[in-house]
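>>> Just a sequence and a predicted model for now, questions to come.
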Amino acid sequence: MSGDISVKKLALAFSLCAASMFAAEMKGTITDSKCGAAHADASEKSMKCSQACVKSGKAEAVLVSDGKVYKFSDASKVAEHVGHKVVVTGDVNGETITVASVKMDH
């Protein structure tokens, strides 16, 4: 009987983990963690500020999508797109994205 309960608990835990991580295609702006949504407009001023902060190491690249800020598991995959409006495809786990691909959103 206790074995059945453990299997059920394990199945529940697995399903909760699986639900919190899913593949997604997200549109937004890659900006910096210091200013976040303040640079989501992707204006030239915002782009220059975000790029300077990320390049200097003062802040990490993040994605602002629908007002929510997401971190990247490997920010080097999006480095050339800082300040741009993009479509990011990858796995989302909570507030972290594991990037599969990134392309400009025109």
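Good, I have the coordinates.
>>> Can you identify the element that follows the helix or strand where Ala52 lies toward the C-terminus?
Under DSSP states H and E, the secondary-structure element containing Ala52 is helix 44-56. Once the chain leaves helix 44-56, the next helix or strand it forms, by DSSP H and E, is strand 61-65.
>>> And that next one, what does it pack against?
strand 21-32, strand 68-72 (3 or more CB pairs under 8 Å, 6 or more residues apart in numbering; DSSP states H and E). All C-beta atoms are positioned from the backbone trio N, CA, C, and that covers glycine.
>>> 10 Å instead, please
strand 21-32, helix 44-56, strand 68-72, strand 85-93, strand 96-104 (3 or more CB pairs under 10 Å, 6 or more residues apart in numbering; DSSP states H and E).
>>> looking at those, which is closest to Ala79?
Checking these against Ala79 by CB to CB gives helix 44-56 as the closest, at 7.2 Å.
>>> Now that closest one: average pLDDT?
The average pLDDT within helix 44-56 is 95.
>>> residues near the residue lying closest to Ala75 once chain neighbours are set aside, how many?
With CB to CB, 6 or more residues apart in numbering as the criterion, Ala75 has its nearest non-adjacent residue at 4.4 Å, and that residue is Ala61. Around Ala61 there are 22 other residues, counting by other CB atoms under 10 Å.
>>> Ala61 bridge partners, please.
Beta-bridge partners for Ala61, by DSSP bridges, are Asp32.
>>> Contacts only, for it.
Counting by CB atoms under 10 Å, 6 or more residues apart in numbering, Ala61 touches 30-33, 50-51, 53-54, 71-72, 75-79, 81-83.
>>> 8 Å instead, please
Ile30, Thr31, Asp32, Ser33, Ser50, Val54, Phe72, Ala75, Val78, Ala79, Val82 (CB atoms under 8 Å, 6 or more residues apart in numbering).
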